[in-house]
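A.B. asks: model the structure of this input:
(4 chains)
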Number of protein chains: 4
Amino acid sequence: MNEIPVGILGASGYAGRELCRLVHAHPGLDLVFAAANEQRDAILRLGRRELRFVAAEDAPLGSARLIFSALPHGASEEWVRRASDAGARVVDLSADFRPGNGPAHRTIPYGLTEQARGAVSGAAIVANPGCYPTAILLALAPLVEQGLIADGATIVVNAASGVSGAGNAPKRELLFGEVTEDFRPYAVGNTHRHLAEMRETLRAWGTAADLAFTPHLLPVARGILAAITVPLRAPLANPLGPWREAYTSEPFIEVSPEPPALHDVVRRNVVRLSAHLMAGTRQPMLTVLAAIDNMLKGSAGQAVQNANLMLGLPETMGLPA
Amino acid sequence: MNEIPVGILGASGYAGRELCRLVHAHPGLDLVFAAANEQRDAILRLGRRELRFVAAEDAPLGSARLIFSALPHGASEEWVRRASDAGARVVDLSADFRPGNGPAHRTIPYGLTEQARGAVSGAAIVANPGCYPTAILLALAPLVEQGLIADGATIVVNAASGVSGAGNAPKRELLFGEVTEDFRPYAVGNTHRHLAEMRETLRAWGTAADLAFTPHLLPVARGILAAITVPLRAPLANPLGPWREAYTSEPFIEVSPEPPALHDVVRRNVVRLSAHLMAGTRQPMLTVLAAIDNMLKGSAGQAVQNANLMLGLPETMGLPA
Amino acid sequence: MNEIPVGILGASGYAGRELCRLVHAHPGLDLVFAAANEQRDAILRLGRRELRFVAAEDAPLGSARLIFSALPHGASEEWVRRASDAGARVVDLSADFRPGNGPAHRTIPYGLTEQARGAVSGAAIVANPGCYPTAILLALAPLVEQGLIADGATIVVNAASGVSGAGNAPKRELLFGEVTEDFRPYAVGNTHRHLAEMRETLRAWGTAADLAFTPHLLPVARGILAAITVPLRAPLANPLGPWREAYTSEPFIEVSPEPPALHDVVRRNVVRLSAHLMAGTRQPMLTVLAAIDNMLKGSAGQAVQNANLMLGLPETMGLPA
Amino acid sequence: MNEIPVGILGASGYAGRELCRLVHAHPGLDLVFAAANEQRDAILRLGRRELRFVAAEDAPLGSARLIFSALPHGASEEWVRRASDAGARVVDLSADFRPGNGPAHRTIPYGLTEQARGAVSGAAIVANPGCYPTAILLALAPLVEQGLIADGATIVVNAASGVSGAGNAPKRELLFGEVTEDFRPYAVGNTHRHLAEMRETLRAWGTAADLAFTPHLLPVARGILAAITVPLRAPLANPLGPWREAYTSEPFIEVSPEPPALHDVVRRNVVRLSAHLMAGTRQPMLTVLAAIDNMLKGSAGQAVQNANLMLGLPETMGLPA
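C.D. replies: This next block holds a predicted model:
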């Protein structure tokens, strides 16, 4: 009762379905439509409720106070504008309004929640971050803020993601028989779409560090783990210090002396972080480890976290921690 | 006919069992004993043959012209010496005689085959390299030889291994229920045993580069993939050039413009390599990717490759490429 | 507030840990101790809470109104009696008081909840059913009640379970490297411990049918699927009818025309059922399919369901459906 | 040298690729073409050889003495006839000429090799059996031949297959994210295509037994395991006797007192069998267990076994046992 009406565009992909589940279970939100052109009329079971996808054209945009768009990159921008014109506030999970993806993002806050609460709260449209950038930028932010990264450094990021990051469109290279017992890098040579998003954000934060980013595909359904090796300006007495300090009261950030694993974060809207000085190098080096569930903190979970802020609800409402 | 008699110590672990299979299928070798104290009297089926493990004390060391030791680190050294005293030549798969593991290695060749054929051929004892070092050192060797690594560089190595690298002793953290759908770093902070092996070898090759090494455990049975990010002295016109040049005629090294995946190398005694310039960094950076089957090129396969050299057999004999 | 104090014995196994998580998240229960001799002092993280296991001898049995025992078969009986003597009501997840496991069960209700609500509600001790029997008996009950099974029939049950059913004690055959990409029958020839439990229950229900039961080990963490082929007394016009009728208002039983899959039930305290007439056989045959999460409806979830009844709480409280 | 020229139609599916590998490694065969319309010009790496797929229309049918067709059901028949008209002998891996798939099979031998050597050796065209029928019929044959099955019995077969059995065409339900940690029955209610193939073969062998067949999809790449529960005419003193007797000298059939597992058979062209009396049933019941690699003994391997017979080569040539 008194739940806020929300809608979902692009509801049939993995992120869209996760949004459906989160909104369905959210005590402050009421799912008034879930649109999915390709799978219109398909049924998604949510506990005892059966949800039928509608065509986007048939979605009552005006009936929702907030709309999530989980449409594909490129297709989302237009629908975000339509939803906004219909009077709804919008959380866009696509890349269309993110930094590094064209000029649109200049007026649209980048919803890395813990770094952008003020801007998110009042925004008409929020660009929800990509999965890799969420893990990596939350890991790097305290080092940047505290000026600990060596001048002219190249930060080396190796990360691995479960297959849900690639969506549920049928592709041969994502078949079970192709992925099981395999592990492979992709977008090698600094060619991943998320690189511009991270670079531009780091630049906006005032750091000149470069990134060398190599993502990999893991034979797991969900989860991202990033290992981020950073040349330091000077040795660090307490390697966990910067994160402990920066994230003391964050409900969705866990800082631990133990390296995180996917099992620590899967099905939870958290990022889990550790940091380790590398023994035996002349240049002081720190390896920061970050793990998230790419479907939650890496997409649908953070989207709901942003929506909670935009709607004046408690930030943690309806989110599994 | 005219097969050379060989024996195996430590035959019941994953590497030992792989050795049993390779020797059994090898047209030039005859397996005269397979010793495994803990599992003595257990039966290993090799096609139609059933092989019974004997106790090490009962193994007829003198009957073999060459003995493989796949005993655990620490336990191997004594048995390698006993086998050598009994007149057999020895390939030791443990770390006991490897660089970085004490003084013993000074007189024992380090059997990274492609870099050490001469020394291996005539050796009484060969220290078979570790799995990670095999992939990483074969990837780095051409850069070192051709002087391409930036002065004072720290090379960042992230690698991931299937569970067979951890052996088949029952440990809770290696149970299926703990590993499936997980991915986790371990030995963080430059603490892995293989680091000294790699460092000392690089030093012997004359390079002053540092290593920052983070290994991970993959939910797969076998395979290692390493992503090695190297600051270069200068940009490289043809990123594959150094490997193409160095490894032209190597039967077990594949150089490819495509990034390697575990599926490319599993059940094959090869290392598969690619190299990629990282776009958009001020310091020129190269990411070299290397994949091996940790049970073959990373242990038992390379051991047989070394044994072939020591026994005057064709280097590729009995090895799946 | 006003939460009922409960304790857990045998808290460190997979079922015990699942109980800890359920009780921790349960709005009506307060976890006052979790005992685990072998892992005493180990820490289990439950959201933001860190739970420390105590030794069973140190567990304040008298402080709990209800105690769950997830101790191993054989070891549980004594502790169940101690807990009962201390004044707590007990749900025993071991086999010790189940039908087919000795005479103790005659005075202890068998807690197949949907078939035993009255007896469970008032009981001092409840024997929580095994995982396979839960799925199979809930599938068979409507056929038995409605007298549909052919006289003298042998019911053929093939079932498969994820590895969590085998517990988390380290055993070589449960290592990831042994289970991945494998599938194997076990306890063949009608030798599984759960067979007596099922036979005696069917007999108590008044049916003379025999069972031929072949369980298998699946390369998944959790979930059980059973395929139950039943010779019918006569063809059945509506194959789903018996279950639709018997289970209309059951909150944790789902009846569907589509065959169930593990993904339908994992992390949910439900059994999902379908039934299919077998085309082209002279003897009318029905195949009933049943899926459960072995950790929830198959053990810890059903245990909490029973505890809810015993404590006068809503039966569905704290249970994910 | 003196290798026999063979060709492959439908080379790009999983079975077709397995055929390419087997023929490439076969010492008596020379692969003169591999046709794959959809993936024409794609490259398959076979060791150091790179094989380019051609369009079927461009395949030089007349240059091959034997042609394998791994084309889809329905599409294969026409190409089998074309290949035959061009003078090649043909092994057809599709269902088009198998029993239960129309009248064509009456003049075409059904290549369940161990049961049909004479007919296969002289045939112009051989219908290679389906994967499930290979395992199940080889398991049942000795019981049929020795008249041990109870009159009017229904044999209950539950079987599970790895995903390669479903081919490599991209389908959403076969994506890694859908299959991992899942297990599901399909073609329930005796509706699987292979049922007619098995029924008609059993009828041809003179038995009147019925089948109730429930297949399942396993989260593994390859392998089939079938559990076959058979009502017996009378108890059997030695449950393994019928298979030991029937298959004494078979190179590709293994009979064992231990239940088989996928790991026993994967990457081997064998069927592995065990048989177990079911304790405690009034009607004597036997459960026969059969495991194969669906890509080898279940398709491409048996196809090469048949080709060896047709070409006068040793039956085991080029096949991993």
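A.B. asks: by proximity to chain B, which residue of the stretch 1-150 of chain A wins?
C.D. replies: A:Ala150 (10.6 Å; Cβ to the nearest Cβ). Just so you know, the C-beta spots here come from the backbone N, C-alpha and C atoms, and that holds for glycine as well.
A.B. asks: for that residue, give me its contacts.
C.D. replies: A:Pro231, A:Leu232, A:Arg233, A:Gln283, A:Pro284 (Cβ atoms under 8 Å, 6 or more residues apart in numbering or on different chains).
A.B. asks: swap the cut-off to 7 Å and go again
C.D. replies: A:Pro231, A:Leu232, A:Arg233 (Cβ atoms under 7 Å, 6 or more residues apart in numbering or on different chains).
A.B. asks: ok, and the closest non-adjacent residue to it?
C.D. replies: Nearest residue to A:Ala150, sequence neighbours excluded (Cβ to Cβ, 6 or more residues apart in numbering or on different chains): A:Pro231, at 4.1 Å.
A.B. asks: before we move on, back to that, just the buried subset of the contacts of A:Ala150, written out for PyMOL, thanks.
C.D. replies: The buried residues among the contacts of A:Ala150 can be selected in PyMOL (16 or more other Cβ atoms under 10 Å in any protein chain shown) with this line:
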select buried, chain A and resi 231+232
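A.B. asks: quick one: pLDDT of A:Arg49?
C.D. replies: As predicted, A:Arg49 sits at a pLDDT of 84.
A.B. asks: what is the burial count for it?
C.D. replies: 10 (other Cβ atoms under 10 Å in any protein chain shown).
A.B. asks: residues contacting A:Val288?
C.D. replies: Counted by Cβ under 7 Å, 6+ apart, A:Val288 has contacts A:Ala139, A:Ile228, A:Val230, A:Leu273, A:Ala275.
A.B. asks: buried set for stretch A:135-150?
C.D. replies: The neighbour-count check on stretch A:135-150 (16+ other Cβ under 10 Å) flags A:135-144, A:148-150 as buried.
A.B. asks: so how far is it from its chain's centroid?
C.D. replies: 17 Å (Cα atoms, centre = their mean, to the nearest Å).
A.B. asks: got it, and stretch A:217-232?
C.D. replies: 14 Å.
A.B. asks: the longest helix anywhere in chain A and chain B in contact?
C.D. replies: For chain A, the helix that runs over the most residues, judged by DSSP state H, is helix A:131-145. No - Helix A:131-145 lies apart from chain B when judged by Cβ under 7 Å from any Cβ of the partner chain; the minimum separation is 12.8 Å.
A.B. asks: what is that helix packed up against?
C.D. replies: strand A:154-161, helix A:194-204, strand A:224-231, helix A:241-246, strand A:271-277, strand A:285-292 (3 or more Cβ pairs under 7 Å, 6 or more residues apart in numbering or on different chains; DSSP states H and E).
A.B. asks: please convert these to TSV, extending it with mean pLDDT.
C.D. replies: Converted to TSV, these look like this (pLDDT from 0 to 100):
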stretch	mean pLDDT
strand A:154-161	98
helix A:194-204	96
strand A:224-231	98
helix A:241-246	97
strand A:271-277	98
strand A:285-292	98
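A.B. asks: export these to CSV and tack on distance to B:Ala55?
C.D. replies: CSV is the format used below for the helices and strands packed on helix A:131-145 (distance: least, Cβ to Cβ, whole Å):
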stretch, distance to B:Ala55
strand A:154-161, 43
helix A:194-204, 56
strand A:224-231, 43
helix A:241-246, 52
strand A:271-277, 42
strand A:285-292, 44
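A.B. asks: nearest to B:Leu22 among those would be which one?
C.D. replies: strand A:154-161 (30.7 Å; Cβ to Cβ).
A.B. asks: hmm, the closest one in reach of chain B?
C.D. replies: Yes - applying Cβ under 7 Å from any Cβ, one finds strand A:154-161 touching chain B at A:Thr154, A:Val156, A:Asn158, A:Ala160.
A.B. asks: residues contacting that strand, please?
C.D. replies: By Cβ under 7 Å, 6+ apart, strand A:154-161 touches A:131-132, A:136, A:209-218, A:224-230, A:294, B:156, B:158, B:183, B:227, B:229, B:281, B:283, B:285.
A.B. asks: swap the cut-off to 6 Å and go again
C.D. replies: A:132, A:136, A:209-216, A:218, A:224-230, A:294, B:156, B:158, B:183, B:227, B:229, B:281, B:283, B:285 (Cβ atoms under 6 Å, 6 or more residues apart in numbering or on different chains).
A.B. asks: run the chain-centre distance for it.
C.D. replies: 16 Å.
A.B. asks: next, the angle strand A:224-231 makes with it.
C.D. replies: Using axes from the mean of the first three to the mean of the last three Cα atoms, to 10 degrees, the inter-axis angle of strand A:154-161 relative to strand A:224-231 is 170 degrees.
A.B. asks: can you tell me how far the closest residue in space to A:Leu277 that isn't next to it in sequence sits from chain D?
C.D. replies: With Cβ to Cβ, 6+ apart as the criterion, A:Leu277 has its nearest non-adjacent residue at 5.1 Å, and that residue is A:Pro239. Per Cβ to the nearest Cβ, to the nearest Å, A:Pro239 is found 35 Å from chain D.
A.B. asks: pretty sure A:Pro239 is touching A:Ala275, no?
C.D. replies: Yes - A:Pro239 is within contact range of A:Ala275, at 4.5 Å (criterion: Cβ atoms under 6 Å).
A.B. asks: more crowded one of those two?
C.D. replies: Taking neighbours as other Cβ under 10 Å, A:Pro239 and A:Ala275 compare with A:Ala275 leading, 28 against 20.
A.B. asks: ok, that one - contacts?
C.D. replies: Counted by Cβ under 6 Å, 6+ apart, A:Ala275 has contacts A:Pro239, A:Leu240, A:Leu286, A:Val288.
A.B. asks: go on, A:Val32?
C.D. replies: With Cβ under 6 Å, 6+ apart, A:Val32 has these contacts: A:Pro5, A:Gly7, A:Ser63, A:Ala64.
A.B. asks: just give me the closest of these to chain D.
C.D. replies: Of the contacts of A:Val32, the one sitting nearest to chain D (Cβ to the nearest Cβ) turns out to be A:Gly7, at 24.1 Å.
A.B. asks: quick check, pLDDT for the closest residue to the closest one other than its chain neighbours.
C.D. replies: Nearest residue to A:Gly7, sequence neighbours excluded (Cβ to Cβ, 6+ apart): A:Ala64, at 3.8 Å. pLDDT, A:Ala64: 98.
A.B. asks: swap in A:Thr180?
C.D. replies: 98.
A.B. asks: report the contact partners of it.
C.D. replies: Contacts of A:Thr180 by Cβ under 6 Å, 6+ apart are A:Pro219, D:Ala221.
A.B. asks: where's it relative to B:Ala166, distance?
C.D. replies: In this view, A:Thr180 and B:Ala166 are 19 Å apart by Cβ to Cβ, to the nearest Å.
A.B. asks: swap in A:Asn308?
C.D. replies: Taking Cβ to Cβ, one finds A:Asn308 at 42 Å from B:Ala166.
A.B. asks: quick one: which of these two has more around it?
C.D. replies: The neighbour comparison of A:Asn308 against B:Ala166 (other Cβ under 10 Å) goes to A:Asn308, with 23 against 18.
A.B. asks: how much space between that one and chain D?
C.D. replies: For A:Asn308 relative to chain D (Cβ to the nearest Cβ), the value is 27 Å.
A.B. asks: which residues touch that residue?
C.D. replies: A:Asn308 touches A:Glu315, A:Met317, counting by Cβ under 6 Å, 6+ apart.
A.B. asks: shouldn't it be within a strand?
C.D. replies: No - counting by DSSP: H, G, I helix; E, B strand; the rest coil, one finds A:Asn308 to be helix, located in no strand.
A.B. asks: any idea how far it lies from A:Pro320?
C.D. replies: 14 Å.
A.B. asks: ok, the nearest residue to A:Met295 once chain neighbours are set aside - how many residues close by?
C.D. replies: In space, and not counting its chain neighbours, A:Met295 is closest to A:Glu18: 4.6 Å by Cβ to Cβ, 6+ apart. By the criterion of other Cβ under 10 Å, A:Glu18 has 24 neighbours.
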